[in-house]
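Engineer: Pasting the sequence and the predicted model now:
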Amino acid sequence: MTFSFRFDPISLPEEAKALQEEVRAFLREEAARGGFTPGKGGFSREFGRKVGARGWLGMTWPKKYGGGERSQLERYVVTEEMLAWGAPTRSFSTGDRQSGPMLLRYGQEEIKEKILPRIVRGELCFCIGLSEPNSGSDVFAASTRAKKTAGGWLVNGRKIWTSNAHEADYMIALLRTSPPTPENRRHGLSQFLVEMRAPGMTIRPIINLTGSHEFNEVVFDDVFLPDSHLVGDLDMAWKQATDELAFERSGPDRWIETFPCFVEFVRQRGAEPSERVAEGIGRAVAELMTLRRMSLSVAGMLQAGKSPIAEAALVKDLGTNFEQALPDKIRLLAPPLSDEDPDANDARFEEALRHATLIAPKLTIQGGTREVLRGIIARGLGLR
C-alpha cells in the first residue's frame, strides 16, 4: 500500500493575524522591561504564568477544563512567535504541546479536572518518559515495569535523557505492563501520569559538554501510581504514543530553535549586505518559508481532527536538519568583523550564534532521531 503525502496550502485567518500582533506586542514589552532576554530561551515559571493569564495555553481545549476553544492555527502563531523571539517557554511548552492533549484525549475524568486547568494557568511543568538506557531510540523496547498492586501500580526501572525532569511536576511515562506478544512487540506498553516528587523517585542530572543541565536520568524504585493515573487503554499505549509524537514533531519548535541567530545575522549585516551574504540569506529564507508552509499545513490537519503522523515526521526531519546546520552556515557567511580587535565584533550576534552552536547537536535527537523518523516516512511511502 502506498501513501501520498499531503500538505494542503493553509493561510492564516484574520483572527490569527490579529493574535500574532498581540503576541508580538506582549513579547516586545516583556523584553523591554527585562522579563526575558530574547534569543536565550530557558525556564521561567513566572513567564509561564503570564502567558497562561493571557489565555495562550491550552488554547484549543474545551472551556470546561479552562481552555479557550480556539483554533490550532491561532495556537500555532503563539508558539511561533514565542520561539522566534527565543522566549523562556520550557516551563510550559511540553504540557501545552503534547502532555495536555494526551490527557485531554485519553486521561480519566478526575485527572483531567485536576491537571488541565493548572496547565492552562501556566502552573505545571511536564516531562516525557520514553527513552531508556538499554533501548536506544527504540521506545517500544521499554522495560521499565509497572506491576499491578492494590489500588494502583508499582513502578521499577529507569528513564534517561529526560529533558527538564529536575524542574517538572509531572511526567507522562511509557511503562511495560505486560510482555510483548510474538505477533506484536509493541503490545504490553501503557502510559501513566507520574508525580515527579512521589516517594521512590530519584532524578540524577546529566551534564552535557557545555556544562548545562537539561537532561536527566530518572530512577523508579517501587513508585506507587494510583489506578486513576493510567492514561488510556491498558497495554495499548503504542498507538497513543505515536499520536502524541505527531503533536511534538510538527510544530515550529522543530525548525525554528536556532532562528534567533539568523535574525541577529541579518541585523548585523545591514540593509546592503554583500552579494554572497545576500545569496546566503535568500537561500535560508526560502528553506524557512517552505518549512513553515509544511508545518502550517500539519496544524491545519490537526485542526481538522486528523493524525498526520508521517507528515509530522517529515517536517521534523527536514526542519531539524535545517536548524542544526544553520549556525555553521552563518559562521561561514559571517567571519568575525575584526580578528585584531574583538571589541569591534557584534556582541549580540556572537552570543546568539554561540548559543545556537551549542544547542545544535541535540536537535536531530530530541523528538525522534533521523533513523526513527525516516522509518516512519518509509512506512508512509509504502516502502516498509
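Structural biologist: That came through fine.
Engineer: Every contact and neighbour count from this point should use C-alpha atoms.
Structural biologist: Noted.
Engineer: Got the confidence number for Arg145?
Structural biologist: Looking at Arg145, its pLDDT reads 96.
Engineer: what's the answer for Asp339, then?
Structural biologist: Looking at Asp339, its pLDDT is 59.
Engineer: do the same with Gly136
Structural biologist: 65.
Engineer: so the closest residue to Glu287 other than its chain neighbours, which of the three states?
Structural biologist: Excluding its sequence neighbours, the residue lying closest to Glu287 (Cα to Cα, 6 or more residues apart in numbering) is Phe322, at 7.9 Å. What DSSP: H, G, I helix; E, B strand; the rest coil gives for Phe322 is helix.
Engineer: Tell me if I'm right that Phe322 and Thr258 touch.
Structural biologist: No: in this structure, Phe322 is not within contact of Thr258 by Cα atoms under 8 Å, at 9.3 Å.
Engineer: hmm, back to that, what count of nearby residues applies to the residue nearest to Glu287?
Structural biologist: For Phe322, the neighbour count with other Cα atoms under 10 Å is 22.
Engineer: How about Asn156?
Structural biologist: Residue neighbour count, defined by other Cα under 10 Å, stands at 20 for Asn156.
Engineer: Wasn't it part of a strand?
Structural biologist: Yes: under three-state DSSP, Asn156 falls within a strand.
Engineer: Dig out what it forms beta bridges with.
Structural biologist: On the basis of DSSP bridges, Asn156 is bridged to Arg145, Asp221.
Engineer: Leaving out the residues flanking it, which one is nearest to Glu311?
Structural biologist: In space, Glu311 comes closest to Phe5 once its chain neighbours are excluded; the distance is 6.5 Å by Cα to Cα, 6+ apart.
Engineer: nope, Leu288 is what I meant
Structural biologist: Trp255 (7.9 Å).
Engineer: what residues are up against the one you found?
Structural biologist: Contacts for Trp255 (Cα atoms under 8 Å, 6 or more residues apart in numbering) come out as Leu288, Leu291, Lys316, Leu318, Gly319, Thr320, Phe322, Glu323.
Engineer: change it to 7 Å
Structural biologist: Gly319, Thr320, Phe322, Glu323 (Cα atoms under 7 Å, 6 or more residues apart in numbering).
Engineer: ok, now Gly305?
Structural biologist: With contact set as Cα under 7 Å, 6+ apart, Gly305 has no partners.
Engineer: Helix, strand, or coil at it?
Structural biologist: Under three-state DSSP, the three-state class of Gly305 is coil.
Engineer: Tell me the helices and strands packed up against the strand or helix carrying Arg331.
Structural biologist: In this assignment (DSSP states H and E), Arg331 forms part of helix 309-333. Applying 3 or more Cα pairs under 7 Å, 6 or more residues apart in numbering; DSSP states H and E, one finds that helix 309-333 contacts helix 237-250, helix 275-303, helix 347-359, helix 370-380.
Engineer: please redo it, this time with the cut-off set to 10 Å
Structural biologist: Here helix 309-333 touches helix 237-250, helix 259-269, helix 275-303, helix 347-359, helix 370-380, going by 3 or more Cα pairs under 10 Å, 6 or more residues apart in numbering; DSSP states H and E.
Engineer: Am I right that the residue nearest to Glu287 is in contact with Phe262?
Structural biologist: No: counting by Cα atoms under 10 Å, Phe262 is not a contact partner of Phe322; they are 12.0 Å apart.
Engineer: Identify the contacts common to the two.
Structural biologist: Common neighbours of Phe322 and Phe262, counting by Cα atoms under 10 Å, 6 or more residues apart in numbering, are Ile256, Ala284, Lys329.
Engineer: and the residues you listed as JSON lines, adding neighbour count, pLDDT and distance to Val298?
Structural biologist: Shown next, in JSON lines, are the shared contacts of Phe322 and Phe262 (neighbours: other Cα atoms under 10 Å; pLDDT from 0 to 100; distance: Cα to Cα, whole Å):
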{"residue": "Ile256", "neighbour count": "24", "pLDDT": "86", "distance to Val298": "16"}
{"residue": "Ala284", "neighbour count": "18", "pLDDT": "95", "distance to Val298": "21"}
{"residue": "Lys329", "neighbour count": "15", "pLDDT": "94", "distance to Val298": "27"}
